[in-house]
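Participant: Starting from these lines, generate the structure:
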Amino acid sequence: MEQIIVISRDRFGNTVNQITMQEWRTLVETHESMIWVGAELKGFNPKTREEILLEGAGLAKYHSDDEDTIFKYENGRIAIHNPTESDIPKMKEIAGMLGAQVIDSQNKIY
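Facilitator: Numbers count the residues shown, from 1 in each chain. Below you'll find the predicted structure:
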């Protein structure tokens, strides 16, 4: 099962105090390690070399230590699908800048 962890001001299922697309875009455009991608990102699967296409509003890339992490804006939250342990500190940094928290689908706060 795919794990999704989000940066949110609310618990999963709530939509009271959502992060806006403009807040997200502004953060990305002013962050020194992030790049605004927009609505489409093409890449390659490192194992199979198969081309991958990610689509959705608000895609951004966080680059550090020769590693890219893709963030996706979804329904007032910033999501990473199948995050690694090294993604959690990045998410916490961004959450702090947005007055939010890092939370999973079981409502576990990181």
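Participant: pretty sure residue 37 contacts residue 62?
Facilitator: No. Judged on Cβ atoms under 8 Å, residue 37 makes no contact with residue 62 at a distance of 10.7 Å. Heads up, the C-betas are built off the backbone N, CA and C, glycines and all.
Participant: which residues are common contacts for those two?
Facilitator: Overlap of the contact sets of residue 37 and residue 62 (by Cβ atoms under 8 Å, 6 or more residues apart in numbering) consists of residue 70.
Participant: which residue of the chain sits farthest from its center?
Facilitator: In the chain, counting by Cα atoms, centre = their mean, residue 48 sits farthest out from the average C-alpha position, at 23.8 Å.
Participant: Quickly note the distance from that residue to residue 80.
Facilitator: As judged by Cβ to Cβ, to the nearest Å, residue 48 and residue 80 stand 21 Å apart.
Participant: quick check, residue 68 in a helix?
Facilitator: No. Residue 68 is assigned strand when assessed by DSSP: H, G, I helix; E, B strand; the rest coil, not a helix.
Participant: Please give the element, helix or strand, for the residue nearest to it when sequence neighbours are not counted.
Facilitator: Distances taken as Cβ to Cβ, 6 or more residues apart in numbering put residue 61 closest to residue 68, at 5.2 Å, once the chain neighbours are dropped. Using DSSP states H and E, the element containing residue 61 is strand 51-64.
Participant: Ok, residue 28 next?
Facilitator: When secondary structure is defined by DSSP H and E, residue 28 falls within helix 21-30.
Participant: can you dump the C-alpha coordinates of that helix into PDB?
Facilitator: Output in PDB follows, covering the C-alpha atoms of helix 21-30 (Å, rounded to 0.1, in the frame of the first residue of the first chain):
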ATOM      1  CA  MET A  21      -1.900  27.300  -3.600                       C
ATOM      2  CA  GLN A  22      -0.600  30.900  -3.500                       C
ATOM      3  CA  GLU A  23       1.000  30.300   0.000                       C
ATOM      4  CA  TRP A  24       2.600  27.100  -1.400                       C
ATOM      5  CA  ARG A  25       3.900  28.700  -4.600                       C
ATOM      6  CA  THR A  26       5.300  31.700  -2.700                       C
ATOM      7  CA  LEU A  27       7.200  29.400  -0.300                       C
ATOM      8  CA  VAL A  28       8.700  27.400  -3.100                       C
ATOM      9  CA  GLU A  29       9.700  30.400  -5.100                       C
ATOM     10  CA  THR A  30      11.500  31.900  -2.100                       C
END
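Participant: No further questions, thank you.
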